[in-house]
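Enquirer: Below are the sequence and a predicted model; questions follow.
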Amino acid sequence: MSRGATAAPGRPEGRGAWGAPGAPHGVGLVLLALALASAPAAPAGALERVRAVVHVHSDVSTGDRPLEELAATAERQGIDALLLADYFLARAEYGLPPFRALTRVVQTERSVLDAGPARYLARVREAQAKNPRVLLVPGVEVAPHYHWTGSPLALELGLRDSQKNLLVFGLTDPDTLAALPAVHNRRPGVYDGQSVLDALPVLLVIPGLVLLARPRRGLKRVGRAVVVVRRRRWLAGGALVALGVTALVRGWPFSADPYPPYADLGLVPHQELIAWVERQGGVTVWSLPEARDEGERWVGPVRVTWRTEPYGDDLLRTARWTAFGAIYEDTTRFERPGERWDRLLGEYAAGERSRPAWALGEAGFHGFSAGQRLGSIQTVFLVAERSPRGLLDALARGRMYALQRVPAAGLALGEFSVRAGAAAATFGETLRVAAGTALEVGVTLGADGAGPGEIRATLVRSGAVVGAWAGPPPLRVVHREVFDGRPAYFRLDARGPAPHRLLTNPVFVRPP
């Protein structure tokens with residue numbers, strides 16, 4: 001189910017094996033990410049195109065199809081890879097202070113943490129073995145934090161930002177995956193003041209047992225005689241014991257929530273997740289940043305609302321994430337010329353950011369019952385190695401473009417390169433040339449299948465449109481200019497009749 005659809009209150013809806021287990025997690029992809037665009041790239045001719053669908057849910061979480069069926073469907077549609085993003089932990093809870101564990105109401109759905117990360121990764125390997133022709137890359141969709149507003153006493157509760165989510169790829173060790181820092185992923189041995197408050201009601205067992213063990217003495221008239229009787233206080237003692245046991249069961253093991261949902265923590269949990277994943281050698285992708293999720297439900301006399309506003313500005317306020325969903329089945333503005341994506345790219349080009357913000361196509365696929373098609377939104381990767389590791393290498397380097405199409409037809413990118421004499425670079429790469437050097441930007445767009453009747457291509461240079469062309473496929477154009485010595489970048493946005501679209505990542509041009 002895609003974000004923007006009505007969901008149950010508190011429901012963390014979607015907007016919706018590379019490397020050997022036990023391998024060092026802080027090496028691999030971290031080194032790739034540090035290299036990124038400025039690293040020497042493999043020749044374009046040596047790279048293979050892999051058509052992938054990014055952000056796919058299976059029946060491990062809220063998807064309605066098993067992994068094996070998804071892989072078989074992908075193969076029939078000519079899709080080479082699926083980047084899975086099952087929910088890491090789909091849980092929302094609210095408890096009354098001060099004893100929140102005892103009074104909390106919880107709503108959950110299937111998730112990777114419920115199934116167990118080891119079992120999830122094993123299922124991906126099993127499905128991969130049954131269909132080796134479609135690459136399956138395990139990943140998770142993570143809600144780092146959400147928060148409540150209002151109060152049941154005011155008959156108004158609001159769940160906020162439960163869909164401000166990140167996709168995480170590249171963590172293949174079960175213990176590492178299980179330790180992701182996120183709301184409600186409590187770690188054993190970590191306690192706080194709320195842990196103490198949640199444990200206090202357990203002490204009610206003691207007076208309860210005392211009441212049960214020590215009968216109360218009383219007098220009772222029997223005829224003309226008065227006798228002493230002993231009565232066990234079953235009701236009071238039993239109630240206290242039951243309450244204490246309930247507190248134990250509901251609160252155990254009383255470990256602290258890393259990000260309690262009763263206060264707005266801003267972007268701290270999100271940035272800490274990004275940094276943590278990077279240290280483990282993984283990559284993070286901001287998910288559907290301009291999608292909207294809202295709704296309401298009455299729970300008795302209490303009105304419960306949920307809302308996640310578009311959060312494109314938050315991408316500018318966070319750092320060192322890898323990519324974001326730029327094209328998906330919703331209206332977007334973030335990637336338009338001069339908008340916030342160009343601001344992020346400009347900051348990187350100017351040296352104000354340590355890494356660029358790469359764009360990809362994001363499916364947010366939950367199942368056919370929701371009216372979705374598996375291949376409507378694709379990301380085409382240029383990989384040096386046809387493997388999950390090769391895909392994540394391409395993702396870290398920005399060697400990919402986003403594509404929106406229909407089953408029988410779509411746009412096809414023949415060439416997008418920036419040349420300076422014999423030197424050339426394509427998307428995700430950096431071309432280093434001296435000021436005064438003549439540049440040529442070559443574009444070739446074609447049609448896959450029946451294809452769109454006409455293509456409109458827009459060339460963006462450092463946030464400004466410097467060329468626009470239209471014509472039937474194949475469309476071949478060349479843009480020429482002289483490099484002025486200031487860091488710049490070029491990116492391509494091509495469209496046909498709706499829904500056809502193709503969006504490349506940038507080519508950076510820098511002085512030596």
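Expert: Alright, I've got the coordinates. It should be emphasised that the depicted structure is a prediction, and the values quoted were computed from it without experimental measurement.

Enquirer: Can you list the neighbours in contact with the longest helix belonging to the chain?
Expert: If you go by DSSP state H, the chain has its longest helix at helix 234-251. Here helix 234-251 makes contact (Cβ atoms under 8 Å, 6 or more residues apart in numbering) with 99, 101-102, 104, 198-212. (Glycine included, C-beta is placed from N, CA and C.)

Enquirer: what's the next secondary structure element after that helix?
Expert: Following helix 234-251 in sequence order, the next helix or strand is helix 268-279 (DSSP states H and E).

Enquirer: contact partners of the very next helix or strand once past that following helix?
Expert: Downstream of helix 268-279, the next assigned helix or strand under DSSP H and E is strand 283-286. In this structure, residues lying in contact with strand 283-286 by Cβ under 8 Å, 6+ apart are 29, 33, 54, 166-170, 273-274, 277-278, 314-315, 321-325, 360, 362, 392, 395-396.

Enquirer: next one: stretch 190-197
Expert: Identification of contacts with stretch 190-197 by Cβ under 8 Å, 6+ apart yields 98, 99, 100, 254, 255, 256, 257, 258, 260.

Enquirer: Would you mind giving me the ChimeraX syntax to select the buried ones in these?
Expert: Here is the ChimeraX selection string for the buried members of these, based on 16 or more other Cβ atoms under 10 Å:
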select :99,100,254,255,256,257,258,260
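
Enquirer: what about the helices in this protein?
Expert: Ranges of helices within the chain are 28-35, 67-76, 100-103, 112-115, 117-130, 174-178, 193-199, 205-213, 234-251, 268-279, 312-317, 340-349, 388-397, based on DSSP H.

Enquirer: Average pLDDT for the fourth one, rounded please.
Expert: In this model, helix 112-115 has an average pLDDT of 94.

Enquirer: Repeat that for stretch 275-295.
Expert: The average pLDDT within stretch 275-295 is 97.

Enquirer: Endpoint to endpoint, it covers what distance?
Expert: End-to-end distance of stretch 275-295: 32 Å, with Cα to Cα, to the nearest Å as the criterion.

Enquirer: rewinding a little: can you flag the buried ones in the contacts of helix 234-251?
Expert: 99, 101, 102, 198, 199, 201, 202, 204, 205, 208, 211, 212.

Enquirer: okay if I get those as CSV plus pLDDT and distance to residue 382?
Expert: CSV is the format used below for the buried ones among the contacts of helix 234-251 (pLDDT from 0 to 100; distance: Cβ to Cβ, whole Å):
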residue, pLDDT, distance to residue 382
99, 95, 56
101, 95, 50
102, 95, 55
198, 96, 51
199, 96, 55
201, 96, 58
202, 96, 58
204, 96, 63
205, 96, 63
208, 93, 67
211, 90, 73
212, 90, 72
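
Enquirer: wait, which of those is closest to residue 419?
Expert: Distance to residue 419 across the buried ones among the contacts of helix 234-251 (Cβ to Cβ) is lowest for residue 101, with 63.3 Å.

Enquirer: thinking the closest one is in contact with residue 186, fair?
Expert: No: Residue 101 lies out of contact with residue 186 (Cβ atoms under 8 Å); the separation is 10.7 Å.

Enquirer: mind giving me the domain split of the chain?
Expert: Structural domains annotated on the chain: 1-182+267-404, 193-251, 406-512, as defined by automatic domain parsing.

Enquirer: which one of the ones you listed is the most hemmed in?
Expert: Highest mean neighbour count of the domains of the chain: domain 1-182+267-404, a mean of 20 (counted as mean count of other Cβ atoms under 10 Å).
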